[in-house]
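# Okay, here's the prediction I keep looking at, along with the sequence it came from:
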Amino acid sequence: MSTPFEKPQIIAHVQRSLNYTVFDSKWIPCSAKFVCLGNYARGTGVMQIYEVEHGEVKLIKEIEKAKPIKCGTFGASSLQQRHIATGDFDGNLNIWNLEMPDVSVYSVKAHKEIVNSIDGVGGLGIGDGAPEIVTGSRDGTVKVWDPRQKDSPVANMEPGEGEAKRDCWTVAFGHAFNDQDRCVCAGYDNGDIKLFDLRNMSLRWETNIKNGVCHVEFDRKDINMNKLVATSLEGKFHVFDMRTQHPTKGFDSVSEKAHKSTIWQVRHLPQNRDIFMTAGGAGNLHLWKYEYPAQRSKKDSDEVDMGVAGTVTLLQNVTLSTQPIASLDWSPDKQGLCVCSAFDQSVRVLIVTKLNRV
């Protein structure tokens, strides 16, 4: 048991007001810089680069774009290039060189409607295999792109014949632990969670958590699937143990009613996959730790293996804003450093202490 004084503290290090709505914020790998993505009131997109210096954030660059930008990822880029891929309100996927961000280095009309979510793998030294980007859209489709190939996706997951089109709110890569294997998880507005196996181009598993799925994230992309967290519109999150899939029951899970309102995001600590932060609609952050059970699988009555989920413990929570915290990103380089943005038109750099004592 941790003694009270060992509890991690979530400290608001610096706050910066913005003159636009910010939807996503991401650390630029191997730097003390982060990028904010959003839209101006006049309906155009904005990309800002900030640097953390001597306890302040300094604006380095601001670029206006034709369309509002919803989401971004560095996941498919090399550490040398550190290009950011973005999805916008018009369904476009663009890749930008932040050194020369006026013109995209890759651009494709990815979807008919807004790109709600984006993730990348195969870059930054994370995950084996090709650099790939996955996009999820209001048009109901989930598409995987290899930026080395031009206009068409390498995979397109769309509703089947007679299936209703659902708004895809969130996508995430996982299981990229060798050159062949890779999965995409997608969450939808009706509570559906679907796991697509890209190696076999098949739907591997699906479930429904009875409420809109705001965010999904694997605890690590570059390992054999271990855990998946899904957050929902009603303030509950689910942790699925992804090591053992039962033929009929699927993956075992534990759920927690964590926030009084929507949980917009979940982010695992890069340096410890069993610690994660959830960001809520009431402007709060909750820090959690996952504890594994004594045995991760057991036999059912037919002697078939089924998974056993663990438990979650709340380590700390803090309220930062009266508005929803829409994005959160841990620094991949400095443990405990994170950036978050909220709909109060501000971005905050936070420091979470004592994480190595948890």
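Nice, thanks for sending it over.

# What's the local residue count around residue 356?
10 (other CB atoms under 10 Å). (Each C-beta comes from the backbone N, C-alpha and C, glycine too.)

# Surely it is in contact with residue 335?
Yes. Using CB atoms under 8 Å, residue 356 is in contact with residue 335, at 7.2 Å.

# How about residue 283, nearest residue that isn't a chain neighbour?
Leaving aside its chain neighbours, residue 283 sits nearest to residue 321 (3.3 Å; criterion: CB to CB, 6 or more residues apart in numbering).

# so who does the one you found touch?
By CB atoms under 8 Å, 6 or more residues apart in numbering, residue 321 lies in contact with 283, 342-344, 346.

# so it, which of the three states?
Assigned state for residue 321: coil (three-state reduction, DSSP: H, G, I helix; E, B strand; the rest coil).

# next one: residue 356
Secondary structure, three-state DSSP: residue 356 is helix.

# Would you mind measuring from it to residue 248?
Relative to residue 248, residue 356 is positioned 41 Å away (CB to CB, to the nearest Å).

# give me the beta-bridge partners of residue 197?
residue 183, residue 202 (DSSP bridges).

# going forward, begin numbering at 48 instead of 1
Right, with 48 as the first residue, what we last looked at is residue 244.

# Please verify my assumption that it contacts residue 227.
No. Assessed by CB under 8 Å, residue 244 is found out of contact with residue 227, at 10.7 Å.

# Which one's more surrounded, the two?
The residue with more neighbours, out of residue 244 and residue 227, is residue 244; 15 against 11, by other CB under 10 Å.

# Tell me how far the more buried one lies from residue 368.
39 Å.

# For residue 248, grab the count of nearby residues.
11.

# Stretch 117-131 spans what distance, first to last residue?
13 Å (CA to CA, to the nearest Å).

# roughly how far out does that stretch sit from the chain middle?
14 Å (CA atoms, centre = their mean, to the nearest Å).

# tell me the mean pLDDT for that stretch?
The average of the pLDDT scores along stretch 117-131 is 92.

# What is the neighbour count of residue 127?
7.

# can you check residue 378 too?
Neighbours around residue 378, by other CB under 10 Å: 21.

# Double-check it against residue 73; I have them as touching.
No. With contact defined as CB under 8 Å, residue 378 does not count as touching residue 73 (10.2 Å).

# where do the contact lists of those two overlap?
Common neighbours of residue 378 and residue 73 (CB under 8 Å, 6+ apart) are residue 386.

# Show me which residues of stretch 288-297 are buried.
288-292, 297 (16 or more other CB atoms under 10 Å).

# Quote the end-to-end distance of it.
10 Å.

# now swap in stretch 114-133 and tell me
11 Å.

# cool, and stretch 242-262?
Using CA to CA, the end-to-end distance of stretch 242-262 comes to 14 Å.

# list the buried ones in that stretch?
242-243, 245, 251-252, 254, 256, 258-262.

# Over to stretch 54-72?
So, applying 16+ other CB under 10 Å, buried residues of stretch 54-72: 55, 57, 63, 65, 67-72.

# Now do that stretch, average pLDDT.
95.

# re the thing from before, which two of the buried residues of stretch 288-297 lie the greatest distance from each other?
Spanning the widest gap among those are 290 and 297, at 12.4 Å by CB to CB.
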